[in-house]
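A.B. asks: what shape does this take:
(6 chains)
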There are 6 protein chains.
Amino acid sequence: MSVQEAPSRETLESLLNPSTATLTSVLTEYGLYNTFMQDVAPLAPGSRVAGPAFTLRYIPGREDITHVPVDNLTDMQRIGIESIKQGEVLVIDARGDTRAGVMGDILATRIQQRGGVGIVSDGAFRDTPAIVETGLAAYARAMNAHNSKSIHYPSDIQRPIACGGVAVFPGDIVVGDAEGVVVIPRHLAEEVAARAVAQEDREAFILQKIQQGHSIIGVYPPDENTLAEYEAWKAKQV
Amino acid sequence: MSVQEAPSRETLESLLNPSTATLTSVLTEYGLYNTFMQDVAPLAPGSRVAGPAFTLRYIPGREDITHVPVDNLTDMQRIGIESIKQGEVLVIDARGDTRAGVMGDILATRIQQRGGVGIVSDGAFRDTPAIVETGLAAYARAMNAHNSKSIHYPSDIQRPIACGGVAVFPGDIVVGDAEGVVVIPRHLAEEVAARAVAQEDREAFILQKIQQGHSIIGVYPPDENTLAEYEAWKAKQV
Amino acid sequence: MSVQEAPSRETLESLLNPSTATLTSVLTEYGLYNTFMQDVAPLAPGSRVAGPAFTLRYIPGREDITHVPVDNLTDMQRIGIESIKQGEVLVIDARGDTRAGVMGDILATRIQQRGGVGIVSDGAFRDTPAIVETGLAAYARAMNAHNSKSIHYPSDIQRPIACGGVAVFPGDIVVGDAEGVVVIPRHLAEEVAARAVAQEDREAFILQKIQQGHSIIGVYPPDENTLAEYEAWKAKQV
Amino acid sequence: MSVQEAPSRETLESLLNPSTATLTSVLTEYGLYNTFMQDVAPLAPGSRVAGPAFTLRYIPGREDITHVPVDNLTDMQRIGIESIKQGEVLVIDARGDTRAGVMGDILATRIQQRGGVGIVSDGAFRDTPAIVETGLAAYARAMNAHNSKSIHYPSDIQRPIACGGVAVFPGDIVVGDAEGVVVIPRHLAEEVAARAVAQEDREAFILQKIQQGHSIIGVYPPDENTLAEYEAWKAKQV
Amino acid sequence: MSVQEAPSRETLESLLNPSTATLTSVLTEYGLYNTFMQDVAPLAPGSRVAGPAFTLRYIPGREDITHVPVDNLTDMQRIGIESIKQGEVLVIDARGDTRAGVMGDILATRIQQRGGVGIVSDGAFRDTPAIVETGLAAYARAMNAHNSKSIHYPSDIQRPIACGGVAVFPGDIVVGDAEGVVVIPRHLAEEVAARAVAQEDREAFILQKIQQGHSIIGVYPPDENTLAEYEAWKAKQV
Amino acid sequence: MSVQEAPSRETLESLLNPSTATLTSVLTEYGLYNTFMQDVAPLAPGSRVAGPAFTLRYIPGREDITHVPVDNLTDMQRIGIESIKQGEVLVIDARGDTRAGVMGDILATRIQQRGGVGIVSDGAFRDTPAIVETGLAAYARAMNAHNSKSIHYPSDIQRPIACGGVAVFPGDIVVGDAEGVVVIPRHLAEEVAARAVAQEDREAFILQKIQQGHSIIGVYPPDENTLAEYEAWKAKQV
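C.D. replies: Coordinates of the predicted model:
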C-alpha cells in the first residue's frame, strides 16, 4: 500500500479552525460514525494540530527483543522518527496499553526538529512535563514514566493501524483540538474541509440566535426561514 | 410519578457552600452510602451548582431511528431541553458510555438561556471548549466530539435514572463542586442543608486545631471537651 | 519485618531533581520493570516529593465494623497517621477502588503537621480542593466525596502493600513528580540517586544536540563520539 | 408508547431455527449493526428462545427504598412479573452491573408458570443452579448470589431499555441460542424471519461445498454459478 | 490478631446444604450487603465447600525478589500451605490480577493431602485441568498458565484480606456452591447456619406453591396465611 | 520479514503433551514472562493444538470500506484463509474487541479443509455452536453473532501481531490446551519441547510423592535427594 499524497497546505490550514465536533459531524454525512479517538486527550490545554498521519505500530514486548539496547538502524520506532516529514503527525498504535510510555521528550524534540507537528497515541507518553514544554501538540491516553521497551515492541511503520478505536491509514488527515483527535480519510479531506467551514459559519449564526433567547424550534436544526435569515446574515458578513 | 416540588431558594443557596464531601457525610447519617457519582468530574475548575434534577435518559442508538434528521417536536432530548425550568440541573443517563457526546454547546447555551444552572452526565459532552466558555456548570465522564446520535437515543424525560452509579429521581437535589456531584433525595434536602452547615462549622474549628498542631486524639472525632470548646468558639464567632 | 532505615537527607534531596522517567529508566538497569504506579496522578500541577513510604492497607468494608463511629485508639488509619514521622510519605493500598475517598483534608493536614511530605493512593481522595490548598503533595486515582468507611476498612500499617500495581515495602523510597509516582527499593536508593543525576546530565546534553538539529543516529543512544563530546562538555560545566 | 402487537405464532416459531449469527446478518441488510447483546450468555447449554420482550428497568438502589421488605403491590419487579403474558421474554436492564442478582429461582418459576419463555439480563442472576433446573431459557452476564435489593431498584416496566448495549423496545422480538441474544425490531420480525430461513438454506448449501473441499472463491460469497447451482439443489430438496 | 476458633463440625456440615443465595440473604438480616465474591466462579461444576478461611496475600512481584528460585523456608506461599489445617479453605488475595496463576496442581494436591477442603482466589489458577481432576473445590476468576512469580509476591499469611471485593478475616467461614463463594463472619456462623436451614425450608414450601400455579401475591414474600400453611406443612414433614 | 520455517513434525507432536503451564514455566528459563494469552479460552472442553502461527490483523472498521460486499480477491481475511498451510494455526489480532465475531463456521470449515489445525483470537467468534461441531481447536475471548465487518477491517496477513497481550510473529509456535494458549518463539521451539518433556516427567514424580503424603519441603522444588530419587525412578520407568 503506497502512502496517500498529502493535501495542499491550504486544505490543512483550513482544517485548523473548525472544532473536532464539527468535523466529526461532517463525516457522518458520509456515513462515517467512528472517526473520533476514544480516551485520547491533549496533554496540554490549547493544543491544535492538523496534518497527514505517519503511523507506527507497537505490539507487546518480548524480553529477548525488547530488554536490549536500542539499535537506531533496525528499531522501527527510530527508523520511523527519522522518516517523518514536514507537517506530519506521528500516530502510534499502542493497543490502548498505558503500562509504559510510548515516547519521551528527546524523541519528541527530534520529531519537532524534523518538522513534525504532532504526536498522538492511545498509549501513554513519558517525560510528559518536558514534552509539554516543547510546545508540540501531543495527545495520549495517560502519562507513564516507564520506557516503551518495558511493554512495547515497535513492529511496523506506515501500515494501517488502530488508535483510540479508530482506523488510521498512513496519510489520513489527523486533526486535534482541546477536545481530542478526529481522523479524516485522506480522500475526503478537501470536501470535509470545505463543508466544515460552511457548517461552523452556520452554527455561529445559530448560536447567536440561541444566545439572543430564541427557542431551538425552527432554529436548531434550522428550518427554511432560519436558513434564509442565515443567508442574509452571511451576505452581510463579507 | 409526579415530579417533586422544588425546595426554597434559601435551601438551594445554603447547599452551595458545604463541600460535596460534607454533604455525602451527612447523608450517611440517614443510612445512605451511595449518593456521590462515580467518574463524573467538572469540565472546568471552580464549578459550583445546586438545583433540582431534570432527568433525561438515553438508550443505545439504533440506526433506523438515530441516523435520521432530528425532529424537535418528537425528539425527547429536544422536548426535555425546552421544558427545563429556572434553577434546574439537567442530568443525563448515558449508561456510562462515552463513545459519543450527549450534548454540545448550542443546546447547552439554550439550557442556560432557559435558566438552567447545570448539566451533568455519566457520558461525554461534545464541543466542550465552547461549553466551558458559556460558564454553565458542567460535569461529565469524558469529552467526545461524536454527535449523540452515533450511539444514543433519547428515550425518556423526567423518569428515575442512573447517573454515575447513583439513583436520580426527578426533583432530587443535585449539588456539584470541584470534586464532583452528590444527589440529595428531595425529601431530605432541607434537613441535609441544615446539618451540613453545622458540620462545616464544626469541621472548620477542628481543622483550625489540627493546623495548630493538635493530635487527632480527642479532636477528630471530637470528644466532649473539644465539643465544649467548639461551642464556646462558635458563640464567639457571631 | 522491621521497617527499613531511611536514607540520608542528601540522598532524598538528590532524588527531588531527576524526573520519574529518569528514575524508572535507571531501575531497569537493575532488572526492575514495574516500579511506576499505574493510574495514579498528582492532584495538583507542580507536585514534587521524595521520602520513605509509610504504608497503610485497606480491605473492603463490612458494615458491622465500618458503619460505626471511628475510634482513634483502635482504627489503624488513625493509628497510622499518628505514627508518621518527619519526611515520610503515606502510601495507601485501596485496591484501586475509587468508590470512596481514602482520606480527607483534616487528616491530610494532620499528616502535614507531623512532618509528612506526601500522600499517595491508588484509590480516591475526598475534600480534594481543600487538600490541594494545603500544598501537601498528593497523588491518587480519582476524587470521591464518600467517606472511606463506605467502602474501605483499614487493616494494617507498615506491611508490604500494592499501590497502582507496584509493590511498596515500608521504607521504600517514593518519588513523585508531575507525571506520577515511582517506588525505589530501599536498598537501591543511594545508587539510583547517583546514577539518576548522571543520566539527567547526559540526557540534558543529548537534548541540546537534538535541539540543535542533530539526528538521533549516534546521539541517542550516544555512540563513543557523542559520549566523548559529552565528557568534554561536562568538564566545561563545572 | 403503546406496546407493539406480537407477531404470529408461525413467525415466532420460524425464528427458533436460524442461528443468532444468521439473524444478525440479516439485520445488517436493514442497516442495523448493533442488535446482538454484548457479554450476555446462556446459563445453560442448548438454550433456545424467541418471543416478544417484556421490559423491566433497574436503577441503582438507595438504602431507604431498597433495604425494606418487598411489597408486591408497589414493587415494579413484582408487578412486572405478574403482568407477563404467554410467550413473552422478560428482559431486564441492570446497567451491566453484576454486583447482585436481578432475580432468583422462585420468581423465575413464577414467570415460567405464567407462560413466559425466557429471562434475559445484562446483570447477574442468583439461585442460578436452581434456575437452570427449571429449564427456562436464561441469559445473563454473570451469577451473583446477592439479592437484587443490595444494588438495584426496579423503576419501570414496559419502557424502552438498554440491555447488553442494545436498545430493546417492549414488544421487540428477542431470540436466543447457544451463542447469545439478538433483538429484532418488531416491525421487521416477519421479513427478517423469512430472509433468515432463506439465508440458512443458502449457507447450508455453501457449507456443504466447503466441506467437499471447494475454495471460498466463487462460493462464499456465492457468484452467479454457485447461486444457480444452489437453486438447482434447492429445487431438489423438496 | 489471633485467628478465630473454628465452628463445630456440625455447623460446618449444616452450611453445606443451603445455597450461597440463601446464605447471602440471611446475612442481609444482619445489615451485611457485601459478602458474596464478585467474578469468582467454580472451576468445575458441582463444587461445594464450607470451612474456615486460611488467608494468603499477594502483592505485585518485583523481579529481584520474585524471579529467583523458591525457598520453601521463607516463601510465605509455601509456609502457608504447610500450615493449613484439616477442614480449612485457602483464600488468596491476588488483587483481581489474572495475569498469572496463583497456584498449580502440585501445591493444590499438597493442600488436599493436608486436609484442606478448598482453594479460592480472585486471581487465576494454573494447571487448572489437573486441579479439577484432584476433586478439590476450587474457585477463581480465570485460568492462566503463567507461574505466580511472573506477577505476584506472597507477602502475608493469616492477615485480613480482600478477595473478590469482600473482606476475609482468618477464620471467617467460606462457603462455595455452583454459583460462587460467600464469606460469613466467624461470629455469625452458628446463627446464620441455623437461619439458613429455616429459610431454605420455607422457600422450598413457597417454591412448591409457585410450581402449583399460585401467584406471588401473598406467597412470596409470604403473608400470615401462607406462613400458617407453611407451619402446618412443616409439621407434617417430620 | 520472511516467515520462519516450521519445526519438524516430531517437535510439534512432542508439544502436544506438556501442559501450557509447563511450557510457560520452561519459557521463564529463557527470561520470557509474557507468553500466555490473557482472556483467551477454548470454545470447547478438551481442546489441544500445536502448530506454526499464520497471523491476521484487524483494525477498526470504517463504514465506507467495511459495510460493502466482501471481495475474496482483495479482502485480506479471505486471502489469508486461502493461504493457510497444512498444520498451521490462524491467529487473529482483534485488539481484544469482542463487539463482533472475527470469523464464522463456513470460514472455519474452509481452514480445516486446508489442513489448518486451530483458530485463535483475542476477539470473539460467531456461529460458535457450529464451529465447536467442526472439531477444530478454537480459542477466543467471547462469542458474538455480529459479522466481523460491523467492527473490524482485515488489514494484514503474516505480520507480527498482538493477541491476548502476547507478541505473535508469523511462524511462532502456538500451543493450546484446556487452560488456554501459549506462544513459543520459533527459534526456541525445539529446545522448549525437549525441556518440557523433561519437566513434565520430573513433575509427575514430584506429584506422586505429594500424593503419597510428603511435604513440599525438599520435594517441590526438589533438593538433591529428591532429584537423585527421581533419577532412580526414571531409570526404572523405561
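A.B. asks: for chain A, what spans make up the strands?
C.D. replies: According to DSSP state E, chain A carries its strands in the segments A:41-42, A:49-60, A:89-93, A:118-121, A:124-125, A:137-140, A:142-143, A:152-157, A:161-163, A:166-168, A:173-176, A:181-184.
A.B. asks: burial measure for the residue nearest to A:Thr66 when sequence neighbours are not counted, as a count.
C.D. replies: Spatially, and ignoring its direct neighbours in sequence, A:Thr66 is nearest to A:Lys149 (4.5 Å; CB to CB, 6 or more residues apart in numbering or on different chains). Every residue, glycine included, has its C-beta placed from N, CA and C. Here the neighbour count serves as a burial measure; for A:Lys149 (other CB atoms under 10 Å in any protein chain shown) it reads 22.
A.B. asks: same question for the lowest-mean-pLDDT helix or strand in chain A: list its buried residues.
C.D. replies: Least confident element among the helices and strands of chain A, by mean pLDDT, DSSP states H and E: helix A:224-237 (a mean of 93). Using 16 or more other CB atoms under 10 Å in any protein chain shown as the burial criterion, the residues of helix A:224-237 that qualify are A:226, A:229-230.
A.B. asks: next one: A:Thr28 from E:Ile92, what distance?
C.D. replies: In this structure, A:Thr28 and E:Ile92 are separated by 49 Å, where distance is defined by CB to CB, to the nearest Å.
A.B. asks: which one of these two has more residues nearby?
C.D. replies: The neighbour count for A:Thr28 versus E:Ile92, taken as other CB under 10 Å, is higher for E:Ile92 (26 against 17).
A.B. asks: confidence score at A:Ser2?
C.D. replies: The confidence metric pLDDT takes the value 67 at A:Ser2.
A.B. asks: tell me the domain boundaries of chain A?
C.D. replies: According to automatic domain parsing, chain A is divided into the following domains: A:37-184, A:192-237.
A.B. asks: chain A: helices as residue ranges?
C.D. replies: Defined through DSSP state H, the helices belonging to chain A, from first to last, are A:9-14, A:20-28, A:63-66, A:76-81, A:105-113, A:128-134, A:189-211, A:224-237.
A.B. asks: could you measure from A:Val68 over to C:Arg202?
C.D. replies: On the measure of CB to CB, A:Val68 and C:Arg202 end up 20 Å apart.
A.B. asks: the two: who's more crowded?
C.D. replies: A count of neighbours by other CB under 10 Å puts C:Arg202 above the other of A:Val68 and C:Arg202, at 18 against 9.
A.B. asks: who touches the residue lying closest to the more buried one once chain neighbours are set aside in this structure?
C.D. replies: Distances taken as CB to CB, 6+ apart put C:Tyr230 closest to C:Arg202, at 5.8 Å, once the chain neighbours are dropped. Residues in contact with C:Tyr230 (CB atoms under 8 Å, 6 or more residues apart in numbering or on different chains) are C:202, C:205-206, C:222.
A.B. asks: please repeat the previous calculation with a cut-off of 7 Å.
C.D. replies: When contacts are counted by CB atoms under 7 Å, 6 or more residues apart in numbering or on different chains, C:Tyr230 touches C:202, C:205, C:222.
A.B. asks: what of A:Pro129?
C.D. replies: By CB under 7 Å, 6+ apart, the contact list for A:Pro129 reads C:178-179.
A.B. asks: I figured A:Glu82 was touching C:Gly218, is that so?
C.D. replies: No. Using CB atoms under 7 Å, A:Glu82 is not in contact with C:Gly218; the gap is 11.6 Å.
A.B. asks: now the residue lying closest to A:Ile217 once chain neighbours are set aside: how far from chain E?
C.D. replies: Nearest residue to A:Ile217 in three dimensions, chain neighbours excluded: B:Asn72, at 5.2 Å (CB to CB, 6+ apart). According to CB to the nearest CB, to the nearest Å, B:Asn72 and chain E sit 44 Å apart.
A.B. asks: for B:Asn72, grab the count of nearby residues.
C.D. replies: Residues lying near B:Asn72 (other CB under 10 Å) number 18.
A.B. asks: what does chain A put close to chain C?
C.D. replies: Contacts of chain A with chain C, taken as CB under 7 Å from any CB of the partner chain, map to A:69-70, A:72, A:78, A:81-82, A:99, A:104-106, A:109-110, A:113, A:126-129, A:143-147, A:150.
A.B. asks: and those, which are buried?
C.D. replies: When the residues of chain A next to chain C are checked for burial by 16+ other CB under 10 Å, the buried set is A:70, A:72, A:78, A:81, A:99, A:104-106, A:109-110, A:113, A:126-129, A:143-147, A:150.
A.B. asks: where in chain A is pLDDT low?
C.D. replies: Under the criterion of pLDDT under 70, the regions of chain A flagged as low confidence span A:1-2, A:238.
A.B. asks: which parts of it sit against chain F?
C.D. replies: Counting by CB under 7 Å from any CB, the residues of chain A that sit close to chain F are A:30-34, A:59-64, A:95, A:153, A:155-156, A:159-162, A:165-167, A:185.
A.B. asks: just the buried subset of the residues you listed, please.
C.D. replies: By 16+ other CB under 10 Å, the residues of chain A next to chain F give A:30, A:32-34, A:59-63, A:95, A:153, A:155-156, A:159-162, A:165-167, A:185 as buried.
A.B. asks: filter the residues you listed by proximity to chain B?
C.D. replies: Checking these against chain B (CB under 7 Å from any CB), the matches are A:Tyr33.
A.B. asks: kindly report the residues of chain A close to chain B.
C.D. replies: Residues of chain A that fall close to chain B, judged by CB under 7 Å from any CB: A:19-21, A:24-25, A:28, A:33, A:36, A:38, A:178-180, A:182, A:203, A:206-207, A:210-211, A:213, A:215-217, A:220-221.
A.B. asks: quick check: PyMOL command selecting the buried ones in those residues.
C.D. replies: Here the buried members of the residues of chain A next to chain B are turned into a PyMOL selection, burial being counted by 16+ other CB under 10 Å:
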select buried, chain A and resi 19+20+21+24+25+28+33+36+38+178+179+180+182+203+206+207+210+215+216+220
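A.B. asks: is it true that A:Leu107 touches A:Arg78?
C.D. replies: No. The criterion here is CB under 7 Å, and A:Leu107 misses it with A:Arg78 at 8.2 Å.
A.B. asks: so what's in contact with the two at the same time?
C.D. replies: Common neighbours of A:Leu107 and A:Arg78 (CB under 7 Å, 6+ apart) do not exist.
A.B. asks: and the nearest residue to A:Gly104 once chain neighbours are set aside, how far is that from A:Ile106?
C.D. replies: Ranked by CB to CB, 6+ apart and with sequence neighbours excluded, the top spatial neighbour of A:Gly104 is A:Asp127, at 3.9 Å. In this structure, A:Asp127 lies at 8 Å from A:Ile106, with CB to CB as the measure.
A.B. asks: and if you look at A:Glu133?
C.D. replies: Applying CB to CB, the value for A:Glu133 to A:Ile106 is 13 Å.
A.B. asks: give me the neighbour count for A:Ser148.
C.D. replies: A count of nearby residues for A:Ser148, using other CB under 10 Å, gives 26.
A.B. asks: how much space is there between it and chain E?
C.D. replies: With the distance defined as CB to the nearest CB, A:Ser148 ends up 18 Å from chain E.
A.B. asks: wait, isn't that residue in contact with A:Thr98?
C.D. replies: No. Taking contacts as CB under 7 Å, A:Ser148 lies outside contact range of A:Thr98: 11.4 Å.
A.B. asks: what's the neighbour count on the closest residue in space to A:Arg126 that isn't next to it in sequence?
C.D. replies: Excluding the flanking residues, the one nearest A:Arg126 by CB to CB, 6+ apart is A:Gly101, at 2.7 Å. One way to gauge burial is a neighbour count; for A:Gly101, by other CB under 10 Å, it gives 30.
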